[in-house]
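K.L.:
I need the structure of the sequence given here:
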Amino acid sequence: MKRREFVTLVGGAAVAGLGVARAQQSAMPVVGFLQIGSVDDAPHFLATFHQGLKEGGFVDSQNVVIEYRWADGQFDRLPAMAADLVSRRVAVIVAGGGSGGALAAKAATATVPIVFNIGIDPVTLGLVASLNRPGGNATGINTFITELAAKRLGLLRELVPAATRVAVLVNPANATNAETTLRDVEAAARAMALQIQVLNASTSREIDAAFATFVRERLDALFVGPDPFFEKQRVQLANLAARHAAPATYVGRQYAEAGGLISYGSNQADAWRQVGVYTGRILKGTKPADLPVVQASKFELVINLQTARMLGLAVPPQLLVRADKVIE
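P.N.:
Predicted coordinates:
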């Protein structure tokens, strides 16, 4: 989707209260869309959300209005944004871009339905009572982003078999995500006899500093933790990894497409389509408590062969065969 088309799609909803006013005039339901990221990062997933919503019988500005709230990577803005959507009496809150939005929405209301797209077990987070019987007012998609740590680390080991010391980059501002990532990576690293060094970054400057540490400590490879802030900074991460000859693994194809070496994660396009479908079902009257949490079943491995060549890495043929996409 081109940026001009995207701005046309959501631009009107950027003015607070405009969507609600239109909805009141025409009696259309309002969906609150709460996202930790920025509008600039949205085109790669928003189109499939609208596709799923259409499958459920709803089209923006025709029979539903969408109120967008973008936190631009600032987690502390999410609670106020969630409370604002609740005060505007939206019919559903869609929360994505990590667990922060879902937790903020859950804290803001016990009655407004919530559809989340998260990568951490929602039962552990307290969002739902169980996967099959969510109870309460929330349901959605679990994309296993953090639970895939062992798989991602194993793929990095295949690509860089001589690696023994691996840096793990996490965002301490996203504490729940960072803690879960480190727990899973450390367990996987012990099983593979790898040494882990934790690098923290919550700003662009701190990312620069983390790579300086990577070089100074002569670490062998980099595991970039799943985080909306890192996704926003994916071009910076890919450029620094190339500059400092750091073989790095990422959580989604958007990183590899930005120049990252290798990514493995759930198919976010499919996940957001399912979020749209669930949103449509709730708008038609289904209760979140009656919609089981969907477990992601589509995963994709993407390898950037250009980056591998630049780093002097020979990608094993068996790894190339398993890749869903190879960027030449």
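
K.L.:
Please tell me how far the residue nearest to Glu158 when sequence neighbours are not counted sits from Ala149.
P.N.:
Excluding its sequence neighbours, the residue lying closest to Glu158 (CB to CB, 6 or more residues apart in numbering) is Leu319, at 5.6 Å. Every residue, glycine included, has its C-beta placed from N, CA and C. Per CB to CB, to the nearest Å, Leu319 is found 18 Å from Ala149.

K.L.:
Just want to know which of the two has more residues nearby.
P.N.:
Ala149 (26 against 16; other CB atoms under 10 Å).

K.L.:
show me the contacts for that one.
P.N.:
181, 184-185, 188, 223 (CB atoms under 8 Å, 6 or more residues apart in numbering).

K.L.:
And for Arg234?
P.N.:
Contacts of Arg234 by CB under 8 Å, 6+ apart are 250, 254-255, 258, 260.

K.L.:
For these, give me JSON lines that also has pLDDT, distance to Glu55 and secondary structure.
P.N.:
JSON lines is the format used below for the contacts of Arg234 (pLDDT from 0 to 100; distance: CB to CB, whole Å; DSSP: H, G, I helix; E, B strand; the rest coil):
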{"residue": "Tyr250", "pLDDT": "97", "distance to Glu55": "30", "secondary structure": "strand"}
{"residue": "Gln254", "pLDDT": "91", "distance to Glu55": "24", "secondary structure": "helix"}
{"residue": "Tyr255", "pLDDT": "95", "distance to Glu55": "28", "secondary structure": "helix"}
{"residue": "Ala258", "pLDDT": "95", "distance to Glu55": "29", "secondary structure": "coil"}
{"residue": "Gly260", "pLDDT": "97", "distance to Glu55": "31", "secondary structure": "coil"}
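
K.L.:
Just give me the closest of those to Pro29.
P.N.:
Gln254 (30.8 Å; CB to CB).

K.L.:
Am I right that Gly265 sits in a strand?
P.N.:
Yes - under DSSP: H, G, I helix; E, B strand; the rest coil, Gly265 sits within a strand.
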